[in-house]
Each structure stands twice: as structure tokens, then as C-alpha cells.
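Asks: Let me see the structure of the following:
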Amino acid sequence: MQQAMDFIVSRADLRQHKLVERALPALGDGEVLLKVDKFAFTSNNVTYAAFGEAMHYWDFFPAPEGFGKVPVWGFADVVGSRHAQIAVGERVFGYFPMATHLVVQASQVKPGSFVDAAPHRAELALVYNQYLRVAQDPAYVRAFEDQQALLRPLFMTSFFIDDLLADNDFFGAKSVILSSASSKTALGVAYLLSRNLEVDVVGLTSASNVGFVEGTGYYDRVVTYDGIGALETGVPSLFVDMAGNAKVVGDVHRHFGDALKHSCVVGGTHWEARGGRDGALPGPKPQFFFAPAQIAKRTKEWGPGGVETRFAEAWRGFLGSVPNWMRVVHGAGPKAVEAVYLAMVDGKVSPSEGHMLSL
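Replies: Predicted structure coming up:
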């Protein structure tokens, strides 16, 4: 019987973690065993953990009581199959736990994809349950696997944040303010917004990251968190919160007041400082952004292939600018995974680094 290794974290304290070994069960009819080859780990994964309860991220991969498996995006190979249409040796891209193996119940099998129909995932968003078969993925390039794992899922979120804002005429705003401006999701949004001459793009970041954020060329203006008070209040603005820092949210709302036309909650990179966002804040009530909802809306409106075509065009443009600011760093083995995990939780990873890991 094969052994698997899982990296699990305490739901009550994200710094507490441990490695556990488990025996893999014999495969049942329709089941497929995936061996996780490598996965990306970014601040977005910390957001998954920070909002694990509220957004059901813990539900994808069950863990022992009180613990959770942080979801990650990466590549895996089929090493066992009880499904006639899926062969051992295939390579797939998708949503995995921080682990060495995952058993899925393959369903809705198509030439380019299949879905994990495990009962515990039945009510969860399809975008997270679908696995792409790379041999039939037109956007797949083996040489750019790392960039795909690190940025493509995040850029999908960026793409639909930009789309939501444009779909609502930017809620009447002329300036878009992004917190955690150095995060990869924020950079994707800023890149897309930078192509729109109708709005200014303002990045909020820590003093240590100002040079990096400015160097991407995506923002019209970059200010530190303690410089929010210097932003012009007469310009109708909207706020896209990637940081999840209650103080930053409060500072932005109090500074802009009624000039703030929309407040969009996306991430939790400042996970320890979240909470109390809604309490007596002036201006609009912060609204959670959930990418699958906008994806479903546009899938219906744009028709077959519409989302894929539009996304692919934007993705190719963004990918061309990435080498200017990101270098890929590889790490293998439990100690490497632990080191990157803790550094990311503590916000000590350079935004210029993209970490690819393997247990």
C-alpha cells in the first residue's frame, strides 16, 4: 500500500503546522490517483487559509479535526487509474492540497479536462474542482509550467476583478486604489487597469516594497500605508482590498468617505490584522469578491469559448511583462516547504520571487 505525506496547518493558528503520513487506499471504480509533482505557493494561498472557514477553502481537502490542508495550484501526474478514459502517465494542472498525492473521483471527462466528483466537493465551485489535461490545453507550454502555476489562477481572479469593475462602469470612480499592491493578484489587476485611460491606478504598499511596485510600471502612483491621508479626496474612488488589514480598510474609508464609490474585498495577505471591516465605516459597505460568480455570469453572457478567448488574450499580454519583475525559486522536500510557508505567513517573502515547491 502506497504512502502519502500531507502538510497540515492549525485552523486556529496558521503558524502551527505538521507533516503527517497516511496510507493511500485502493482505488475504487472511476477513481484516479494523482502524484503532485510541484505547486506554487504565494500570498494568495495564505488568503485561502485566512478565509478557510468563511469561503469554504478548508472543505476541498478534508483534514484531521482542528487542522486544514491549504489549497495550492500545481501540476500532477496520473500514477493510478480506475477510469477507462484516463491513462497512467497523463499530466494535469489544477487545485491540490499541500501533499504528495490526491485521489479524485473522475467525472465529466472530456479531452481537455475532468472534474473531481467526490461527494465533499459537490457543492464547491467548479473552477476549483476541474483538472486540465495538459496534452489538450492550448494555453499549456511545458517550459512555462512554473509561471502558469504561480500566476494563471491569480490572473484569472485579476481578470474578473477588472471585468467586474468595468462591467459596473467602475461604480462612477475615476481612481482605483489597490492595497497589498505588490501581491501577484494586485499586480494582475493593475496591469489590466493600466490599459484603461479612464481611471488612475493607485497602489498601497509597505515602504520596503515601494521601489518594486513602481518598477513594474503598472501603477500611476504608489504610496505607503501611512500616506493614505495625502491622497486627494475630491476624486471619486473605489478600493480593492487585497491586504485584509482592518486598519488600512478603516483609514481608506474614513479618508474618502462618500467619495469612495465601492469597496471590494478580495484577499487577506495581512491575515493577522483582519476583522472589524464593517464596523461603523463611512462610505460603502465592503463587498466580498467571489471570482466564480463573475465567471458564471460571463460564461452565460459570452457564450461557448468566450471566457477562454478573452482570458487567453489578456494572459498572453500579461505573461510578456512578467520577466521584468518576477524570478522563479524552486524548493523540494518538507524543510523547504516549511521554510517558504512560514516566511509567506509572516509576510517575509520578496514580491519579486515566485516559489515553486514539492514535498
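Asks: my hunch is that residue 355 is in a strand, does that hold up?
Replies: Yes: counting by DSSP: H, G, I helix; E, B strand; the rest coil, one finds residue 355 located in a strand.
Asks: I'd assumed residue 39 was in contact with it.
Replies: No: assessed by CB atoms under 8 Å, residue 355 is found out of contact with residue 39, at 9.5 Å. The way it works is simple: take the backbone N, C-alpha and C, and place the C-beta from them, glycine included.
Asks: okay, those two: which has more neighbours?
Replies: A direct count of neighbours by other CB atoms under 10 Å for residue 355 and residue 39 places residue 39 higher, at 26 against 23.
Asks: nearest residue to the more buried one other than its sequence neighbours?
Replies: Once flanking residues are discounted, residue 39 sits nearest to residue 74: 2.9 Å by CB to CB, 6 or more residues apart in numbering.
Asks: Hmm, the one you found is touching residue 96, no?
Replies: Yes: in this structure, residue 74 is within contact of residue 96 by CB under 8 Å, at 5.5 Å.
Asks: what is in contact with those two at once?
Replies: Jointly contacting residue 74 and residue 96 under the rule CB atoms under 8 Å, 6 or more residues apart in numbering are 36, 39.
Asks: Could you list the domains of the protein?
Replies: 3-137+326-358, 154-292 (automatic domain parsing).
Asks: Pick the most deeply packed of these.
Replies: Among these, ranked by average contacts under mean count of other CB atoms under 10 Å, first place goes to domain 154-292 (a mean of 19).
Asks: Show me what the host helix or strand of residue 9 packs onto, helices and strands only.
Replies: Element membership for residue 9 (DSSP states H and E) is strand 3-10. Packing contacts for strand 3-10, counted by 3 or more CB pairs under 8 Å, 6 or more residues apart in numbering; DSSP states H and E, involve strand 17-23, strand 67-68, helix 334-345.
Asks: Next, format those as CSV and append distance to residue 34 and mean pLDDT.
Replies: Conversion of the helices and strands packed on strand 3-10 to CSV gives the following (distance: least, CB to CB, whole Å; pLDDT from 0 to 100):
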stretch, distance to residue 34, mean pLDDT
strand 17-23, 15, 95
strand 67-68, 20, 97
helix 334-345, 18, 96
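Asks: what's the closest of these to residue 122?
Replies: Closest of the helices and strands packed on strand 3-10 to residue 122 is strand 67-68, at 19.1 Å (criterion: CB to CB).
Asks: Quick check: next helix or strand after the closest one?
Replies: Next element after strand 67-68 (DSSP H and E): strand 71-81.
Asks: Extract the C-alpha trace of that following strand and format it as PDB.
Replies: Provided in PDB are the C-alpha atoms of strand 71-81 (Å, rounded to 0.1, in the frame of the first residue of the first chain):
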ATOM      1  CA  PRO A  71      -5.100  24.600  -1.300                       C
ATOM      2  CA  VAL A  72      -2.400  25.200  -3.900                       C
ATOM      3  CA  TRP A  73      -2.300  25.300  -7.700                       C
ATOM      4  CA  GLY A  74       0.100  23.000  -9.500                       C
ATOM      5  CA  PHE A  75       0.900  20.000 -11.700                       C
ATOM      6  CA  ALA A  76       0.400  16.300 -11.000                       C
ATOM      7  CA  ASP A  77       0.900  13.000 -12.900                       C
ATOM      8  CA  VAL A  78      -1.600  10.200 -13.000                       C
ATOM      9  CA  VAL A  79       0.100   7.200 -11.300                       C
ATOM     10  CA  GLY A  80      -3.000   5.100 -10.900                       C
ATOM     11  CA  SER A  81      -6.400   5.000 -12.700                       C
END
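Asks: Each with direction, which strands does that strand pair with?
Replies: strand 31-41 (antiparallel), strand 91-97 (antiparallel) (DSSP bridges).
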